[in-house]
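Undergrad: model this:
(2 chains)
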Amino acid sequence: MTLRELATELSAKVLCGEEDLDTEVQTAAASDLMSDILARLGTPDVMLTGLTTGQAIRTSSVSGIRVVVVVRGKRIPEQMIELAAEEGIVLMSSEMTLFEASGRLYARGLRSNAEGER
Amino acid sequence: MDAKYARTQELFFELKVADVMRTNVITIHPEQPMSELRVMLREHRISGTPVAEDGRLAGMISVEDLINWLSTGGPDCPVREKMTPEPECLYSDQPLVHAIQRFDQAGFGRFPVIARDSGRLAGILTKGIIIEGVLKRMDKELKEEQIRQYRASHIFEDLLAEYKEIYLTYDVAGKDLDRAGRASTQMKRNLRRLGIRPDIVQRLAIASYEAEMNTVLYSEGGVLEFRIAPSEITMRLRDQGPGIEDIEKAMEPGWSGAADWVRELGFGAGMGLANIKKCSDRMDLVSTPGVGTTLTIRIFTEKEKPRNEAA
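TA: Coordinates of the predicted model:
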């Protein structure tokens, strides 16, 4: 699905990276623990997380994840948005829970990375 | 090689008639005489042309029509009398692959192209024009790809020397959460710019990030060094304490000495050192409690090196 469709599905607000909304994504990961994201095989296109620090962006940058969706309607610090802009990562915010957001994206066809999950 | 042919096929589907057609069409007015057609065909070395009036297509006339008129020995007459009055056409927004099918079915050499909204003559299409257009597009894409690849991959290789090594050094401040990870993201960007293999950069970036986070979360700070040499990349992180009491335990996946505040940041799952080992070809960890820890990893950049023998 495109990022535009993803944002609509999650009723998400796009905080940075509006120009990339036509990008297609196929895989996703969801976690609040960055260690778990780093330890998995392969690189998902999208990360859903409740972590609202720069580390969510840095983890994504280092792993090659292109999109970060912060769930649970948490407040996102200005620093995090700036860092996302610097690193070229699309940052979105959704009011949904991690569970609902993941379920909806799975229902729309997004999957874990093809190479398999730990 | 297969990929190139597949791309050609793709292009036939992606391109529209408007993308390749010739737009400066030579046309003849229906009232112009056949004798003038003869001159026009010869001068421009074409074998046929659309007949148009005020930008609207009235018919098509070809060299065959000219020959037929000549062989009847008839008097000069307007093109209108000898042309094909309602010729088959293509629309500028049609996919090129449809145009190709029409050429096959119809057996003509050329089609006039009409703009769907205005109904005006927009261009002309022949098989030769199609080939020219596709080749131009492929050439353009090839050039763009070459530029992209050149920018990405040749810097290290372009340096001329008997032996080349690049060193990158970063300071990692202990407990500085705002900047934690900065060194790793910068290093990753640098190595991509140097044109190091993406899978190597990926492994190194993850190992570096885990190591950098360990330093920030658990130590008083340290220095992160990268040595990029032709056959391998070495990363060394030396911190100033407090040191690891039990290295074997620390290496166990899931074991963590993290305080609560660390876990609240999404770290402290105890996977860091195990992950670093997984990403590297050789790993060495030495520590003296009360003094500090030194982590060294090596990633081999040439093929066929055994991965991770006794760490």
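
Undergrad: who touches stretch B:93-101?
TA: B:11-20, B:90, B:111, B:116, B:125, B:130, B:134 (CB atoms under 8 Å, 6 or more residues apart in numbering or on different chains). Glycine gets a C-beta too; all of them are placed from N, C-alpha and C.

Undergrad: got the buried residues for that stretch?
TA: Judged by neighbour count using 16 or more other CB atoms under 10 Å in any protein chain shown, the buried positions of stretch B:93-101 are B:94, B:96, B:99.

Undergrad: The closest residue to chain A within the stretch 51-200 of chain B: how many residues sit nearby?
TA: Residue nearest to chain A within the stretch 51-200 of chain B: residue B:181 (3.2 Å; CB to the nearest CB). Around residue B:181 there are 24 other residues, counting by other CB atoms under 10 Å in any protein chain shown.

Undergrad: Now it. Its backbone dihedrals?
TA: Dihedral pair for residue B:181: phi 100, psi -10, per degrees, to the nearest 10.

Undergrad: That one against residue A:56, yeah?
TA: No. The criterion here is CB atoms under 8 Å, and residue B:181 misses it with residue A:56 at 10.2 Å.

Undergrad: what does the stretch 201-311 of chain B put close to chain A?
TA: When proximity is defined by CB under 8 Å from any CB of the partner chain, the stretch 201-311 of chain B lies next to chain A at B:202, B:205-206, B:208-210, B:213, B:265-272, B:274-275, B:278.

Undergrad: In which helix or strand does residue B:190 reside?
TA: helix B:182-194 (DSSP states H and E).

Undergrad: likewise residue B:213?
TA: helix B:198-218.

Undergrad: Check residue B:58 too.
TA: Per DSSP H and E: strand B:56-62 holds residue B:58.

Undergrad: Report all helices and strands that that strand contacts.
TA: strand B:48-53, helix B:79-82, strand B:110-114 (3 or more CB pairs under 8 Å, 6 or more residues apart in numbering or on different chains; DSSP states H and E).

Undergrad: any chance of those in CSV, with mean neighbour count and mean pLDDT too?
TA: Listed next are the helices and strands packed on strand B:56-62 as CSV, based on neighbours: other CB atoms under 10 Å in any protein chain shown; pLDDT from 0 to 100:
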stretch, mean neighbour count, mean pLDDT
strand B:48-53, 22, 92
helix B:79-82, 18, 92
strand B:110-114, 23, 93
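
Undergrad: Just send those back as CSV, with distance to residue B:220 too.
TA: Formatted as CSV, these follow (distance: least, CB to CB, whole Å):
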stretch, distance to residue B:220
strand B:48-53, 82
helix B:79-82, 92
strand B:110-114, 73
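
Undergrad: Nearest approach to residue A:30 belongs to which of these?
TA: In terms of CB to CB, the element of the helices and strands packed on strand B:56-62 nearest to residue A:30 is strand B:110-114, at 50.9 Å.

Undergrad: quick one on the thing from earlier: can you turn the buried part of the contacts of stretch B:93-101 into a ChimeraX selection?
TA: If you want just the buried ones from the contacts of stretch B:93-101 in ChimeraX, going by 16+ other CB under 10 Å, the selection is:
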select /B:11,15,16,17,18,20,90,111,125,130,134
